Structures are given as C-alpha cells and as structure tokens.
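1. have a look; sequence and predicted model below, questions after that.
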Amino acid sequence: MLRRAIESVQRQTYQAIEIIVIIDGPDDVTRQLLKATDDKRLKVLQNATSEGPGRARNRGALEASGDWIAFLDDDDEWLPEKLARQLAGHTPSRDVILSCRCRVETPSGTYIWPHRLCGPRENVDDYLYDRRSLARGDAYIATPSLVLPRRLFAASGFGTTYHNEDTTLLLDLTKRQGAELVMLYDVLVVIHEEQAWGSLGATFDWREMLRWLDDRGTLVTRRAYSGFALVRLGSQAANQGDYVAIPALLSAAVRHGTPRAIHLLLFAAYWVVPKDLRQRWLAFRARPAATSARHRDGRRQSRADAARSR
C-alpha cells in the first residue's frame, strides 16, 4: 500500500515537490522498501516509538521546505492531477485550506464523497457533524485531500489524539485563524477502506472523544456538538454495546448542544436496529448518490472537453 501511495505522488503532473515519509515506530519492512525507492526527492524519518498520526504528520510538516503542505496516508492515493488542480489560482500568502471530493472504496462498494460541498459561509463543524441526511458520506473531508500553506499549518498543526486530529486542525485554522476552506467538486483522491480493521478511525473510546469535544469549547456550535455526540459517538458506543453511553450522551447533547430530529432519530436507530441491517441500509442509500455523482462528473468532464475543443 505504501508503494502505491508513493507512486501516486510521483505521478503528479505538478512536479515541484518533496516527498517526506514518516515511519511511526519500528518497522524494518517499511524501512527496507523505502531504501529501494530510487527518488532523490524522497526523505525518510522514523520515530523511535509510535506517536500517533497527528504527531507523525506534524513532524513531517516541520521537515518540509516548500510553501505548501499536503498529506497522504499510506493506504490511500492521489490521482495525477490532484496537486495541479488544487493549487491552480492560489498563492501561499492566502489563508486557505484546499480540499476536494474523493472516491471511497469500502467493503460494501465504491462511493463518491462528499455528496455536498461545504458552503463558503458554513462552519466546518456544522458541515461535518450537523447531519442533514441519513446517508453516509453527505459531508466528508479526508485528510489526504488537504493542501494548505506551510506557514498557515505552523499556526496550529494536527491534534495529538489518535482520532479527530484533523478536525482539531480545521477548527483551529478556520475559527481561530480565520482561514477559508475551499472544496473542489473534482474527485482527486482515492480512499481505501476495503480493510476497515486496519483503519485508525475504525474504533475509538467515546468517552475520550467526548472530552475532546468538550475541550473545543466555543469553537463548536451547539448543533455540531449535539450531532457529534449523538451521531458519531452514539454509533461507536452502540457498536461496542456500551449502554452507559445512552444517558451520558443524551444528557451532554441537551446541556451543551441543540439536538435536531435527525440526530435523535439516528441515535435511536443505533441502539434499536442491528448493526448489519444498518450497514446494508446505508449502503443502499449511498449507492444511488454515488452513481448520480459519477454521472454528474461525466457530464461536467464532457462539457469541459467540448469547451477546450472550441
């Protein structure tokens, strides 16, 4: 997977790049693979012990010398036009965070996420957590989609928890630094979730994440708070069969948030509807949206090709 990820960077049409790989802890197999990679732009650093994705990415960013920073996990890949399309028309002096849509390959199928982009006046936390649809993938910002100026990244960096470290970055930069999130409609990243067991985001302690949410304070709106507590944390707690979470999360959502009907509906469904049935239903709901998105992408590309031919 790492070889595939590096090759996707090497195939970028935008070639003024350096490639920094952080090996997060002892890993002789990965070290040997990278030694055999013949690319003078490649720099490899290895942590003595595993420090987590946030700290690993932060270390890589500190070693970078370019004006822009982009991120790629070892099991994902960039499409060849990714950097060129995102950087077109932007300068590193602007406080901007660039993102794009992704092709997400999961055990239940392949989808185009997100279904809708974050609006220019929409809070990033409302976009991500104030659910408006029952379908998974309605709102989505993948870490490998992000590109931002190195000087802007230095103002925050990723969080140091094993989960939500990317949201920590987005909240800090958009709400404290006033940075603008710009999302392209283009599908420029491939996210591989075929092996969900290997994902750092597959499981987490809902109590730890509730503490993370409380620590964000006024950076998170009330609707985003209730959506995060009831939907994101509720689904994880239900999957773990931790029934203590029912009163705890409901109480937190009411005290610190403004629950909407869809938040409460999804929260109840996690505890009442069996997990395998929920997954089949969500896959059914997501598939038409992905198919429709691919058709729209095709029409847009056809119009662009026609315009170039004229």
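-> The structure has been received and is ready for your questions. Just so we're clear, the structure is a prediction, and the values are computed from it rather than from any experiment.
2. I figured R232 hits D125, correct?
-> No: the pair R232 / D125 is not scored as a contact, 11.6 Å apart, by CB atoms under 8 Å. In short, each C-beta sits where N, CA and C put it, glycine included.
3. mean confidence score for stretch 154-161?
-> Here stretch 154-161 scores 93 as its mean pLDDT.
4. show residues contacting that stretch.
-> 52-55, 57-58, 61, 165-169, 172-173, 176-177, 208, 212 (CB atoms under 8 Å, 6 or more residues apart in numbering).
5. mind redoing it with 7 Å?
-> For stretch 154-161, contacts defined as CB atoms under 7 Å, 6 or more residues apart in numbering pick out 52, 54-55, 57-58, 165-166, 168-169, 172-173, 177, 212.
6. and those, which is closest to Q15?
-> R57 (22.5 Å; CB to CB).
7. so that closest one belongs to a helix, correct?
-> Yes: counting by DSSP: H, G, I helix; E, B strand; the rest coil, R57 falls inside a helix.
8. residues contacting it?
-> 71, 158 are the contacts of R57 under CB under 7 Å, 6+ apart.
9. for it, give me the pLDDT.
-> For R57, pLDDT reads 96.
10. against R176, how distant is A5?
-> Between A5 and R176 the distance is 31 Å, computed by CB to CB, to the nearest Å.
11. could you do G159 as well?
-> Distance from G159 to R176, by CB to CB: 13 Å.
12. tell me which of these two has more neighbours.
-> Taking neighbours as other CB atoms under 10 Å, G159 and R176 compare with G159 leading, 23 against 11.
13. report the buried residues of stretch 158-168.
-> Going by neighbour count (16 or more other CB atoms under 10 Å), the buried part of stretch 158-168 is 158-159, 161-168.
14. so who does R132 touch?
-> Per CB under 7 Å, 6+ apart, neighbours of R132: D138.
15. apologies, that question was intended for V273.
-> Per CB under 7 Å, 6+ apart, neighbours of V273: none.
16. quick one, phi/psi of it?
-> When read as degrees, to the nearest 10, the backbone of V273 gives phi -90, psi 130.
17. got a pLDDT number for it?
-> V273 is assigned a predicted lDDT (pLDDT) of 88.
18. returning to what we had before: among the contacts of stretch 154-161, which are in strands?
-> Counting by DSSP state E, no part of the contacts of stretch 154-161 is found in strands.
19. pull the most distant pair out of those residues.
-> Pairwise distances across the contacts of stretch 154-161 peak at 23.1 Å for G52 and Q177 (criterion: CB to CB).
20. these two - which one has more neighbours?
-> G52 (19 against 12).
21. host element of G60?
-> Assessed by DSSP states H and E, G60 sits inside helix 53-63.
22. which of the residues in that helix are buried?
-> Of all the residues in helix 53-63, those buried under the rule 16+ other CB under 10 Å are 53-61.
23. stretch 203-221 too?
-> Neighbour-count burial for stretch 203-221, counted by 16+ other CB under 10 Å, picks out 204, 206, 209-210, 212-213, 216, 219-221.
24. what's the lowest-pLDDT member of the residues you listed?
-> Taken together, the buried residues of stretch 203-221 show their lowest pLDDT at F204, with 82.
25. so it touches N164, yeah?
-> No: using CB atoms under 7 Å, F204 is not in contact with N164; the gap is 8.4 Å.
26. show me how far the helix holding G60 is from its chain's centre.
-> 16 Å (CA atoms, centre = their mean, to the nearest Å).
27. show the subsequent helix or strand relative to it.
-> Defined by DSSP H and E, the subsequent element after helix 53-63 is strand 68-70.
28. average pLDDT across the helix or strand that that following strand is followed by?
-> As assigned by DSSP H and E, the chain's next helix or strand after strand 68-70 is strand 77-78. For strand 77-78, the mean pLDDT works out to 98.
29. helices or strands up against strand 77-78?
-> helix 2-10, strand 180-192 (3 or more CB pairs under 7 Å, 6 or more residues apart in numbering; DSSP states H and E).
30. the nearest residue to D166 once chain neighbours are set aside: what's it in contact with?
-> Among residues not flanking D166 along the chain, T143 sits closest, at 4.7 Å (CB to CB, 6 or more residues apart in numbering). For T143, the contact set (CB under 7 Å, 6+ apart) comprises 71, 73, 166.
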